[in-house]
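S.K.: Could you look at this predicted model? Sequence included:
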Amino acid sequence: MINHIKASGPNQGAKMLNIKPWSGDNPSACHRHFYPADRGLHVSWPEPPQIITQVAVVGAGLSGLSAAYQLRDQEVVILEADARPGGVCKSGEFRGRPYPEGAAYFLYPMDRHWQNFYQELGLDLEAALIPEPVSCLYYRGQWYPECFHAAGIRQLPISPQGKDDFLRLTQQLAAWERETDDFAPANLEWQRLDRVSLKHYLEVVQGHSSELAPLLDPYCRSCLGGGAAQVSAWAALYFLMSECSGEARSCAFPEGDARLAAALLAGAGPARLRTHQVVVGLAEQPENVRLLVWDQHQQQPYVVQAEQVILAVAKFAVRRLLSGVAGWSAEMFQPFQYSTYVVAAVCGVEGIKTPGFENWIVGQTAFSDVVLQPWRSAPGAPQVLIVYAPQPFPGQRQALLQESVQIKAAEILTGLEKIWPGISRGAEEIRLYRYGHAQVVPYPGFLSRIRGRIPWRQGRIILAHSDLEGLPCVEMAMLSGYRAANWARQALRE
């Protein structure tokens, strides 16, 4: 079913804009088994196991696909609850043009091992390099390219003190990047920085102008799930370090980071992936682990038996799967909190221009940033404007489940009209994707609470996900999967 609303702006009603039904997460697939606990769908364990394998990977996001890829010479089955793999790294298509439904870009690796890894996957990073300017700020009705570098900062309509403070911050971050190979916990007094928010660090610790935090708010909301007053200074500075670097470069494919997921799956073996499969129970035994799986196609359960299990899913799901399993407790995963996210693809727009690849919108509550795909195209060619709309943290998950797609579309389009008057009339349709637990939010103190306190491996069960690092980025997701695969391989040899 396609819904319609009237276009807004001048000449309102000139045409109707198609609004597709909600896409993204399918919350009912898992909610029916876990929420509420006393009225969920109870499934019994059938006998015997339908699938026997060396490794079962639960979750086909970047962590799970990375683990499966590293174990491609072993017997592996990948179980994914969704209809498609990729997690928040999926892609859509409009008139033959791909676009990201979630994560849009990643850092060009400076490390030779990472470069070789991407090359092994068949990814042409040189062709994917984003030309300058990568980042642009929209503030008080004007665009400011190179917003994290001196040339752009000097053009911002803020006080001289605010400009000086912003410049000092970027210089500090660039120096930190030069001085450290990685932003490991031991670097940069991470515990001290983790205890306070970015806003507190800027205004109280550093004494910087109060003008800075609002400028960084859309960046923090989009990348970390909360505003500058809600996220750990350490986590925010970790992300901003690459933005302020004189050497770091970013890469993007037309379909965004879905290209990474597709390459990992192709290398791991697509036949190993089983979609629409919800893991609803785990039972660890001396010689193996049994997984109770609900097949959404067949509407019946079956059992997978594996020597090792990699749980490459977020901890809100892990705490339910491991409840009652020896050595694990739900309390271990209490610190983890997740953001709720909406991504909108405004399809068929023409004549829209964005100065940067990634464009941060200051002061807009409906969304935080936009990416235009293709960024640079021939006149008259249809484009897709991808709008990133992190929902207020904390909360909003239940509200989003109940909110109509028409209301959310109207909210986003109203905000876009303030930047591009008439965009609603020019677009053909809008597609909205909602993600209930899009990314872990590194709130102040979160990293200190989990470092060294969450076991990555116990018995035959291994955890893998970017949230274990407290940093929601694709590199951490793939690194987590790589580590989990190494532990599984080691255990298989023992």
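M.R.: Received, thanks.
S.K.: can I assume Gly162 is in contact with Ala213?
M.R.: No. Gly162 lies out of contact with Ala213 (Cβ atoms under 8 Å); the separation is 10.7 Å. C-beta here means a position set from N, CA and C on the backbone, and glycine is covered the same way.
S.K.: any idea how far Gln402 is from the closest residue to Leu71 other than its chain neighbours?
M.R.: Nearest non-adjacent residue to Leu71, counting by Cβ to Cβ, 6 or more residues apart in numbering: Ala485, 4.9 Å away. Look at Ala485 and Gln402: by Cβ to Cβ, to the nearest Å, they are 39 Å apart.
S.K.: do the same with Cys244
M.R.: In terms of Cβ to Cβ, Cys244 sits 40 Å off from Gln402.
S.K.: okay, those two: which has more neighbours?
M.R.: Per other Cβ atoms under 10 Å, whichever of Cys244 and Gln402 has more neighbours is Cys244, with 24 against 6.
S.K.: In contact with the more buried one, which residues are there?
M.R.: By Cβ atoms under 8 Å, 6 or more residues apart in numbering, the contact set of Cys244 is 148-149, 169-171, 173-174, 177.
S.K.: From the residues you listed, list the buried ones, please.
M.R.: 148-149, 169-170, 173-174, 177 (16 or more other Cβ atoms under 10 Å).
S.K.: Columns secondary structure and distance to Gly24 on top of those residues, output as JSON lines?
M.R.: Shown next, in JSON lines, are the buried ones among the contacts of Cys244 (DSSP: H, G, I helix; E, B strand; the rest coil; distance: Cβ to Cβ, whole Å):
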{"residue": "Phe148", "secondary structure": "coil", "distance to Gly24": "29"}
{"residue": "His149", "secondary structure": "coil", "distance to Gly24": "34"}
{"residue": "Leu169", "secondary structure": "helix", "distance to Gly24": "35"}
{"residue": "Thr170", "secondary structure": "helix", "distance to Gly24": "34"}
{"residue": "Leu173", "secondary structure": "helix", "distance to Gly24": "33"}
{"residue": "Ala174", "secondary structure": "helix", "distance to Gly24": "36"}
{"residue": "Glu177", "secondary structure": "helix", "distance to Gly24": "34"}
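S.K.: Nearest to Gln70 among the residues you listed?
M.R.: Glu177 (28.0 Å; Cβ to Cβ).
S.K.: Leu240 is in contact with the closest one, correct?
M.R.: No. With contact defined as Cβ under 8 Å, Glu177 does not reach Leu240; the gap is 10.1 Å.
S.K.: count of residues packed around Ser222?
M.R.: Ser222, neighbours per other Cβ under 10 Å, totals 21.
S.K.: Same question for Ala127.
M.R.: 8.
S.K.: Give me the contact list for whichever strand or helix holds Tyr69.
M.R.: According to DSSP states H and E, Tyr69 maps onto helix 62-70. Helix 62-70 has contacts (Cβ under 8 Å, 6+ apart) with 57-58, 76, 78, 80, 85-87, 89, 121, 257, 260-261, 264-265, 267-269, 272, 310, 312-313, 464-466, 474, 477-482, 484-486, 488-489.
S.K.: State the next helix or strand along the chain beyond it.
M.R.: strand 76-79.
S.K.: Quick check: mean pLDDT of the next helix or strand after that next one?
M.R.: Downstream of strand 76-79, the first helix or strand assigned by DSSP H and E is strand 91-94. In this model, strand 91-94 carries a mean pLDDT of 96.
S.K.: in strand 91-94, what's buried?
M.R.: For strand 91-94, the neighbour count (16+ other Cβ under 10 Å) marks 91-92, 94 as buried.
S.K.: tell me what that strand is packed against?
M.R.: Counting contacts by 3 or more Cβ pairs under 8 Å, 6 or more residues apart in numbering; DSSP states H and E, strand 91-94 packs against strand 97-100, strand 338-349.
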